[in-house]
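Asker: Next comes the sequence, and after it the predicted model I'd like to discuss.
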Amino acid sequence: MKMICPAGWRLESTYRDLDNDFSSQVSPTPVKEPQLVLFNESLARKLGLIPEVLNNQHGAQIFSGNKLPPGASPIAQAYAGHQFGHFTLLGDGRAILLGEQISPDSRRWDIQLKGSGQTPYSRRGDGRAALGPMLREYLISEAMAALQIPTSRSLAVTTTGEPVFRDRTYPGAILTRVASSHIRVGTFEYAARFHGKSAVQQLADYAIRRHYPECANQTNPYVEFLNQVIHQQAQLVAQWMLVGFIHGVMNTDNMLISGETIDYGPCAFMDRYDPATVFSSIDHQGRYAYGNQPSIAHWNLTRFAETLLPLLNSNEHQSIEIAKQSLEGFSISFSERWSSGMQHKLGLKEFDLELIQDLLNLMKTYRLDFTRTFRALTLGQQPHPAQTVSYSQFKTEFDFWKSRWNTARGSTSEALQESQKTMRRFNPNIIPRNHRVEEALQAFADKRDRAPLDQFLKAFAYPFEDLPEHERYLEPAYESAEPYQTFCGT
């Protein structure tokens, strides 16, 4: 039996069993004065770690990379990817995988240090990260977890005591990221483009064992593997759409085959509903706009299917047909999850696309806030249109829609109560409003005031409840505020 160290570490390194082409052995670069800023005690316990041992300067040494935990075997992973549609050779340029923690429920979790120094894939970068983006990933990834959306998690943020030079000087930091793995669509693209069929098969066999072991018993495990990845990604993107989340950089290297959200650089949550909403400062053409996310996910999965073609069938033509058939499953899986989600968000007895689409059209026309509209309906209140539109015209159109909605929900008091109960479970009271995220980050960066960070994390632990600590997170930014922009944080 594997011995558990006093801190609870049970690290293994099965990814290193793959050919050397998939990773490079590299150690984190030591930092000057590590200080633990945020530590996720509940996640630590889930992983089998002991917070009392790690939530201190000892933990700061480990989560900064200055010391390695028992069993660590640090590597940087190689991968490629299509970034804004263009193929690029990539790799972990500032992230180092310490190993795979075996949790008490026998699950395997990657423990990765992000911002831990240069690797063979740094591409002339310094391998470091600034404090603001690492705090931002911590806050939003944990909010996503509370919203019950599959996501990578954040275990710790550690300041380094060293500056990071970008457009100006920022304090340096390292994020300890947790995921069921960091195997990306881009990892398969790397294997296929540079190392051929045998490398793709080795990676696919590993991914099947780790994430989809049920596929191994199928007549063609690789076809079922493709189907499972497509299904998981369709489900994930549908969940994004149901809460107004915009990933912002849906490159293939940011799509995990496990179906978890990863890379919280230019992401944001939509306030006013508009499918064309874009926040990322570098997405000039709107490729990754809110409304484009399903089609981009399908495009990414097509790139994934291309890497598996040699494994799907020995006949190239038949292999392509199999892949096409599998990819058709994306729209089915996405539509099923989105449709059921919207049905639950409106508390409907049956799915009604026309009713839902008419509401979305109203929301766009009258610039209604996405989250507040659904929550207002949940509470039996009327949504508030933007001040710049005609209220009387909105009231007329909304009342007509509302009468149809109430009919669709059911006429009895019992039906309406059940409808509201369902809506409370599927409509969050709060989301990470962009201006509140920035407020918390700036308070810490400028004044080392961590109260807004703590308030944020406390509030977002229960986003579906009506709690007093939610009050400050309910309102969107003023309409007069500057258009919000997000950045990659690299």
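Answerer: Great, that's in hand.
Asker: Leaving out sequence neighbours, find the closest residue to Pro463.
Answerer: Closest residue to Pro463 apart from its sequence neighbours, by Cβ to Cβ, 6 or more residues apart in numbering: Pro428 at 4.3 Å. C-beta here means a position set from N, CA and C on the backbone, and glycine is covered the same way.
Asker: Also Met144?
Answerer: Closest to Met144 by Cβ to Cβ, 6+ apart is Thr151, at 4.3 Å.
Asker: now the strands for the stretch 101-250 of the chain?
Answerer: Along the stretch 101-250 of the chain, the segments classed as strands by DSSP state E, counting those that start in this stretch run 108-114, 129-130, 153-165, 169-179, 245-246.
Asker: hang on, the earlier thing: which residues touch the residue nearest to Pro463?
Answerer: Residues near Pro428 by Cβ atoms under 8 Å, 6 or more residues apart in numbering: Leu147, Val243, Thr371, Arg375, Pro463, Phe464.
Asker: next SSE after the helix or strand where His344 lies?
Answerer: Taking DSSP states H and E as the criterion, His344 maps to helix 316-345. Counting by DSSP H and E, the next helix or strand C-terminal to helix 316-345 is helix 353-365.
Asker: Give me the domain ranges for the protein.
Answerer: What automatic domain parsing lists as the domains of the chain is 11-179, 185-344.
Asker: Reformat the contacts of Pro428 as JSON lines; add distance to Asp253 and neighbour count.
Answerer: Output for the contacts of Pro428, formatted as JSON lines (distance: Cβ to Cβ, whole Å; neighbours: other Cβ atoms under 10 Å):
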{"residue": "Leu147", "distance to Asp253": "24", "neighbour count": "21"}
{"residue": "Val243", "distance to Asp253": "24", "neighbour count": "23"}
{"residue": "Thr371", "distance to Asp253": "30", "neighbour count": "24"}
{"residue": "Arg375", "distance to Asp253": "35", "neighbour count": "23"}
{"residue": "Pro463", "distance to Asp253": "29", "neighbour count": "22"}
{"residue": "Phe464", "distance to Asp253": "32", "neighbour count": "17"}
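Asker: Which one of those is nearest to Arg10?
Answerer: Comparing the contacts of Pro428 against Arg10 with Cβ to Cβ picks out Leu147 as the nearest, at 28.9 Å.
Asker: From Arg124, how far out is Ala238?
Answerer: 38 Å (Cβ to Cβ, to the nearest Å).
Asker: Save the domains of the chain as TSV, and put in mean pLDDT too.
Answerer: Formatted as TSV, the domains of the chain follow (pLDDT from 0 to 100):
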stretch	mean pLDDT
domain 11-179	97
domain 185-344	97
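Asker: closest to Leu457 out of those?
Answerer: domain 11-179 (6.5 Å).
Asker: From the chain's centroid, how far away is that closest one?
Answerer: 15 Å (Cα atoms, centre = their mean, to the nearest Å).
Asker: So which residues of this protein form helices?
Answerer: Ranges of helices in the chain, per DSSP state H, are 41-47, 51-54, 57-63, 131-146, 185-211, 221-243, 293-312, 316-345, 353-365, 370-378, 391-409, 413-426, 434-447, 451-459.
Asker: Can you add distance to Glu471 and give those helices back as CSV?
Answerer: As requested, the helices of the chain are arranged in CSV below (distance: least, Cβ to Cβ, whole Å):
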stretch, distance to Glu471
helix 41-47, 24
helix 51-54, 29
helix 57-63, 33
helix 131-146, 17
helix 185-211, 40
helix 221-243, 20
helix 293-312, 30
helix 316-345, 23
helix 353-365, 23
helix 370-378, 13
helix 391-409, 25
helix 413-426, 18
helix 434-447, 11
helix 451-459, 9
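Asker: The ones you listed: which one's closest to Val31?
Answerer: helix 57-63 (9.6 Å).
Asker: And the closest one, what does it pack against?
Answerer: Using 3 or more Cβ pairs under 8 Å, 6 or more residues apart in numbering; DSSP states H and E, the elements in contact with helix 57-63 are strand 35-39, helix 51-54, strand 153-165.
Asker: Can you give me the distance of Glu224 to His470?
Answerer: Taken as Cβ to Cβ, the span from Glu224 to His470 is 43 Å.
Asker: err, Pro6, not the other one
Answerer: For Pro6 relative to His470 (Cβ to Cβ), the value is 38 Å.
Asker: okay, those two: which has more neighbours?
Answerer: Shown here are Pro6 and His470; by other Cβ atoms under 10 Å, His470 has more neighbours (17 against 9).
Asker: residues near Ala192, how many?
Answerer: 21.
Asker: should've said Glu414
Answerer: Other residues close to Glu414 by other Cβ under 10 Å number 8.
Asker: ok, now how distant is it from Lys349?
Answerer: 12 Å.
Asker: before we move on, the earlier item: which of the strands of the stretch 101-250 of the chain sits closest to Arg45?
Answerer: Of all the strands of the stretch 101-250 of the chain, strand 153-165 comes closest under Cβ to Cβ, at 11.0 Å.
Asker: Can you list the buried residues in that closest one?
Answerer: For strand 153-165, a neighbour-count test (16 or more other Cβ atoms under 10 Å) marks Arg153, Ser154, Leu155, Ala156, Val157, Thr158, Thr159, Thr160, Val164 as buried.
Asker: Just list the residues touching the second one, thanks.
Answerer: Put plainly, it is Ser154. Leu38, Asn40, Leu43, Glu137, Tyr138, Ser141, Glu142, Leu175, Thr176, Arg177, Val178 are the contacts of Ser154 under Cβ under 8 Å, 6+ apart.
Asker: would you list these in CSV and tack on neighbour count and distance to Leu379?
Answerer: Below are the contacts of Ser154 laid out as CSV (neighbours: other Cβ atoms under 10 Å; distance: Cβ to Cβ, whole Å):
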residue, neighbour count, distance to Leu379
Leu38, 23, 33
Asn40, 24, 31
Leu43, 19, 32
Glu137, 23, 32
Tyr138, 26, 31
Ser141, 26, 28
Glu142, 22, 26
Leu175, 28, 36
Thr176, 30, 38
Arg177, 26, 36
Val178, 22, 35
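Asker: Which one of these is nearest to Lys421?
Answerer: Distances from Lys421 to the contacts of Ser154, taken by Cβ to Cβ, are shortest for Glu142, at 26.4 Å.
Asker: Would you confirm that that closest one contacts Leu457?
Answerer: Yes: with contact defined as Cβ atoms under 8 Å, Glu142 counts as touching Leu457 (6.5 Å).
Asker: Look up how far Pro294 lies from Pro221.
Answerer: In terms of Cβ to Cβ, Pro221 sits 27 Å off from Pro294.
Asker: hang on, the earlier thing: between the helices and strands packed on helix 57-63, which one is nearest to Ala443?
Answerer: strand 35-39 (12.8 Å).
Asker: which strands and helices sit next to that closest one?
Answerer: helix 57-63, helix 131-146, strand 153-165.
Asker: and of these, who's closest to Glu479?
Answerer: Closest to Glu479 of the helices and strands packed on strand 35-39, according to Cβ to Cβ: helix 131-146, at 23.4 Å.
Asker: ok, and for the closest one, which residues are buried?
Answerer: Buried residues in helix 131-146 (16+ other Cβ under 10 Å): 131-146.
Asker: With stretch 219-234 instead?
Answerer: 221-234.
Asker: May I see those arranged in a markdown table, with distance to Ser314 as well?
Answerer: Output for the buried residues of stretch 219-234, formatted as a markdown table (distance: Cβ to Cβ, whole Å):
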| residue | distance to Ser314 |
| --- | --- |
| Pro221 | 15 |
| Tyr222 | 12 |
| Val223 | 13 |
| Glu224 | 17 |
| Phe225 | 17 |
| Leu226 | 16 |
| Asn227 | 19 |
| Gln228 | 22 |
| Val229 | 22 |
| Ile230 | 22 |
| His231 | 25 |
| Gln232 | 27 |
| Gln233 | 27 |
| Ala234 | 28 |
